[in-house]
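Undergrad: Just need the structure, nothing else, for what follows:
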Amino acid sequence: MAEQSSQKPKYLLGGAMFLGVAVLTIAAWYVFFNPKGIMKLYTPMYGFAMVVILLAMVVTLAELFEGWPMRSSATESLSLLKGIVLVGISLVLTWVVMFGLFHNLIGMYGITYFSPAAIVATGEVGTEIFNARENSSTALIYLFATFIWLSIAWKTCFKGWPWNNQSLGTLGFSRLMTVSALSAVLYAVLFHPHVGYLFSPPQKLAAVAPWWEAVADTNSAYYHLGWVVCTASVLIMADSIWEGYPWRLIGREGGSLLGGLFGLIGSVIIGFALMYAMKSGMEIYWGAPFVGGQYLDAPYFRYLHAAEMAGFLILATYIVSFYLGNLMHGSNLFVRAIVRTVVVVVLAFLIMWFYYAAGPIFLGTVPGIAQPEDTPLCWTFLMLSIVMMHRYFFSGYPLERK
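TA: Okay, the predicted model is just below:
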């Protein structure tokens, strides 16, 4: 996701810009999501769904379309005005997709659980508005998390293949259609079974029983959310702080089928390994999880928490690769990658510490880890959305890095 900078890093300016983005994120959180703030949209799944869709729209414009229609070629930079227009487009698309496309079209006339109103209209047990909205939002989170992962994977691994010689508009629409189709298929297999079992009685004729229960010790799709976000973190770290390795070992500069498959499959394998490594660390700290355990002791929470920690890794990677200019540009690649990775991991732990220690003060979150009313990925993805807007929509101004 993050490109390399040819300029000398501007650490003080980059650090100041990051602090400014952090303050802006906290202010936006207070207005829209803070439970003690103004709009109180963080319930938490309702607000989380909005943030995931916002991030998906930013990724669509930044990664799939590479700034089109405000940018006519891949080498043309964006101006301040173009950046403002792209921010506006991403916000409008978020509203249109969530409320227009899913709540009032697909949910009302296609798949019931995508619309809170359609769920309530069934009159079934437990279909009051709050639960209906949370369940609908959960489905949207799963679907657009899949979309974000595949968008990053396509841009990072397949790059421009097979539309290398096409305009940005054609390239963007082709990527969008491909990623959307693949997202629908993978969502149906990885997440739909869990959503079908959120209702009472379970929707057995519309959704099979979660087939991963014997492997994961849970029927929750947090199992898949865990490795999906971990895989996304691997892709982003490889593309930025590892300078494209190991995926660039196979394939052409502009992307190829073989290179894309190598990157996609390899990142999934490493993503699974990262998730289970995090889970093993949790077992050392909290003990082994068990079926029927609550929150810290529940297997499903361990997978969710792996996703949350991977989210901190993604945010830390962006800070190092963009605001800190990727730190090192001398030495050999192995040394650069090791140093950057260590800094990213340390910074991710500091961000995690800030969230859990200062979150109740600055964000209005529930104190402690593994609270049912708290989903750290929501705040992380909101900040990541704003960072990506600054990085891609405004060309990093005033850092002036393309």
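Undergrad: Now the nearest residue to Leu41 once chain neighbours are set aside: phi and psi?
TA: Leaving aside its chain neighbours, Leu41 sits nearest to Gly47 (4.0 Å; criterion: C-beta to C-beta, 6 or more residues apart in numbering). Every C-beta, even on glycine, is put in place using the N, C-alpha and C of the backbone. When read as degrees, to the nearest 10, the backbone of Gly47 gives phi -70, psi -40.
Undergrad: so what pLDDT did Gly47 get?
TA: The model reports Gly47 with a pLDDT of 95.
Undergrad: Do I have it right that it meets Asn34?
TA: No - assessed by C-beta atoms under 8 Å, Gly47 is found out of contact with Asn34, at 9.6 Å.
Undergrad: Are there residues contacting both of the two? Which ones?
TA: Applying C-beta atoms under 8 Å, 6 or more residues apart in numbering, one finds that no residue jointly contacts Gly47 and Asn34.
Undergrad: just to revisit the earlier point, ok, now which ones touch the residue nearest to Leu41?
TA: Shown in contact with Gly47 (C-beta under 8 Å, 6+ apart): Phe32, Phe33, Leu41, Cys378.
Undergrad: Nearest spatial neighbour of the second one, chain-adjacent residues omitted?
TA: If the residues on either side of it in the chain are set aside, Phe33 comes closest to Tyr42, at 3.8 Å by C-beta to C-beta, 6+ apart.
Undergrad: right, and the one you found touches Asn34 too?
TA: Yes - applying C-beta under 8 Å as the test, Tyr42 and Asn34 come out as touching, 7.0 Å apart.
Undergrad: And these two? Which one has more around it.
TA: When neighbours are counted by other C-beta atoms under 10 Å, Tyr42 and Asn34 differ, and Tyr42 comes out ahead with 26 against 22.
Undergrad: where does the stretch 301-402 of the chain have low pLDDT?
TA: 400-402 (pLDDT under 70).
Undergrad: Run through the helices of it in chain order.
TA: With DSSP state H, counting those that start in this stretch as the criterion, the stretch 301-402 of the chain has helices at 333-362, 376-388.
Undergrad: Those helices: which one's closest to Tyr300?
TA: helix 376-388 (14.4 Å; C-beta to C-beta).
Undergrad: residues in contact with the closest one?
TA: 1, 21-22, 24-25, 28-29, 33, 42, 44, 47-48, 51-52, 54-55, 58-59, 62, 229, 307-308, 311-312, 314-315, 318-319, 322, 351-352, 355-356, 359, 363, 365.
Undergrad: how about a cut-off of 6 Å?
TA: The contact list for helix 376-388 (C-beta atoms under 6 Å, 6 or more residues apart in numbering) reads 21, 25, 47-48, 51, 54-55, 58, 62, 308, 311, 315, 318, 355.
Undergrad: Could you check how far the residue nearest to Ala370 when sequence neighbours are not counted is from Ile148?
TA: Excluding the flanking residues, the one nearest Ala370 by C-beta to C-beta, 6+ apart is Tyr295, at 3.9 Å. Using C-beta to C-beta, to the nearest Å, Tyr295 is found at 26 Å from Ile148.
Undergrad: Between these two, which has more neighbouring residues?
TA: Taking neighbours as other C-beta under 10 Å, Tyr295 and Ile148 compare with Ile148 leading, 25 against 14.
Undergrad: I'd say the more buried one and Val59 touch.
TA: Yes - Ile148 sits in contact with Val59 when judged by C-beta atoms under 6 Å, with a separation of 5.4 Å.
Undergrad: What ranges does this protein have for its helices?
TA: For the chain, applying DSSP state H gives helices covering 11-32, 45-59, 80-95, 107-109, 116-122, 129-153, 168-190, 192-196, 213-216, 222-239, 257-286, 299-318, 333-362, 376-388.
Undergrad: buried stuff in the fourth one?
TA: This points to helix 107-109. Across helix 107-109, burial judged by 16 or more other C-beta atoms under 10 Å covers Gly107.
Undergrad: about what we covered before: between the helices of the stretch 301-402 of the chain, which gets nearest to Gly259?
TA: Nearest to Gly259, of all these, is helix 333-362, at 18.4 Å by C-beta to C-beta.
Undergrad: For that closest one, what is the distance to the chain centroid?
TA: Remark: helix 333-362 is offset 17 Å from the chain centroid, using C-alpha atoms, centre = their mean, to the nearest Å.
Undergrad: what do you get for stretch 195-211?
TA: Relative to its chain's centre, stretch 195-211 lies at 26 Å (C-alpha atoms, centre = their mean).
Undergrad: pLDDT weak spots in the stretch 1-150 of the chain?
TA: By pLDDT under 70, the low-scoring segments of the stretch 1-150 of the chain are 1-9, 72-75, 77.
Undergrad: let's go with 90 and repeat that
TA: For the stretch 1-150 of the chain, the stretches with pLDDT under 90 are 1-12, 35-36, 67-82, 123-127.
Undergrad: Kindly reformat the helices of the chain as TSV and extend each row with distance to Leu101.
TA: Putting these into TSV (distance: least, C-beta to C-beta, whole Å) gives the following:
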stretch	distance to Leu101
helix 11-32	21
helix 45-59	10
helix 80-95	10
helix 107-109	9
helix 116-122	14
helix 129-153	10
helix 168-190	12
helix 192-196	17
helix 213-216	31
helix 222-239	22
helix 257-286	27
helix 299-318	25
helix 333-362	31
helix 376-388	19
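Undergrad: need the contact list for Val51.
TA: Val51 makes contacts with Cys378, Phe381, Leu382, as judged by C-beta under 6 Å, 6+ apart.
Undergrad: measure it to Leu12 for me?
TA: Distance from Val51 to Leu12, by C-beta to C-beta: 30 Å.
Undergrad: can you check Ser174 too?
TA: Taking C-beta to C-beta, one finds Ser174 at 41 Å from Leu12.
Undergrad: The two: who's more crowded?
TA: Ser174 (15 against 8).
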